[in-house]
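Peer 1: Sequence first, predicted coordinates after that:
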Amino acid sequence: MSDSILDDLFLSCALTAFLEQSHAQNGWPDPEATRRLAYRIYEDALAERNVPNMSSSGHKWNKI
């Protein structure tokens, strides 16, 4: 188990969504809007992790 709850990617995204939605609504956020935002942030974070580094010298396109 990790030392910090924020080490978990989804929980970090959920907290970010909660805070952003709270700010946007000037108070307690709507649960459904927060849930949708959390999943969008999470999916974006996963996609960013899975994009190959195009500037890497080890990438197959740089060897052509």
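Peer 2: Everything's here; your move.
Peer 1: Pull out the buried positions in stretch 24-43.
Peer 2: For stretch 24-43, a neighbour-count test (16 or more other Cβ atoms under 10 Å) marks 29, 34, 37-38, 41-42 as buried. Where C-beta positions appear, they are placed from N, C-alpha and C, glycine not excepted.
Peer 1: want to try TSV for those, with distance to Val51, pLDDT and secondary structure as columns?
Peer 2: Converted to TSV, the buried residues of stretch 24-43 look like this (distance: Cβ to Cβ, whole Å; pLDDT from 0 to 100; DSSP: H, G, I helix; E, B strand; the rest coil):
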residue	distance to Val51	pLDDT	secondary structure
Pro29	29	97	coil
Thr34	26	97	helix
Leu37	21	97	helix
Ala38	21	97	helix
Ile41	16	96	helix
Tyr42	15	95	helix
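Peer 1: Between those residues, which sits nearest Glu20?
Peer 2: Leu37 (6.5 Å; Cβ to Cβ).
Peer 1: I'd assumed Ala17 was in contact with the closest one.
Peer 2: Yes - under the contact definition of Cβ atoms under 8 Å, Leu37 touches Ala17, with a separation of 4.0 Å.
Peer 1: what's in contact with stretch 31-43?
Peer 2: Counting by Cβ atoms under 8 Å, 6 or more residues apart in numbering, the neighbours of stretch 31-43 from elsewhere in the structure are 9-10, 13-14, 16-18, 20-21, 25.
Peer 1: actually stretch 8-23, sorry about that
Peer 2: The contact list for stretch 8-23 (Cβ under 8 Å, 6+ apart) reads 2, 5-6, 28-30, 33-35, 37-42, 45-46.
Peer 1: Over that stretch, what's the mean pLDDT, rounded is fine.
Peer 2: Predicted confidence along stretch 8-23 averages 95 (mean pLDDT).
Peer 1: Mind jotting down where the helices sit in the protein?
Peer 2: Residue ranges of the helices in the chain, as given by DSSP state H, are 9-25, 31-50.
Peer 1: Next, the angle from the first one to helix 31-50.
Peer 2: Translated: helix 9-25. Counting by axes from the mean of the first three to the mean of the last three Cα atoms, to 10 degrees, helix 9-25 points 130 degrees away from the direction of helix 31-50.
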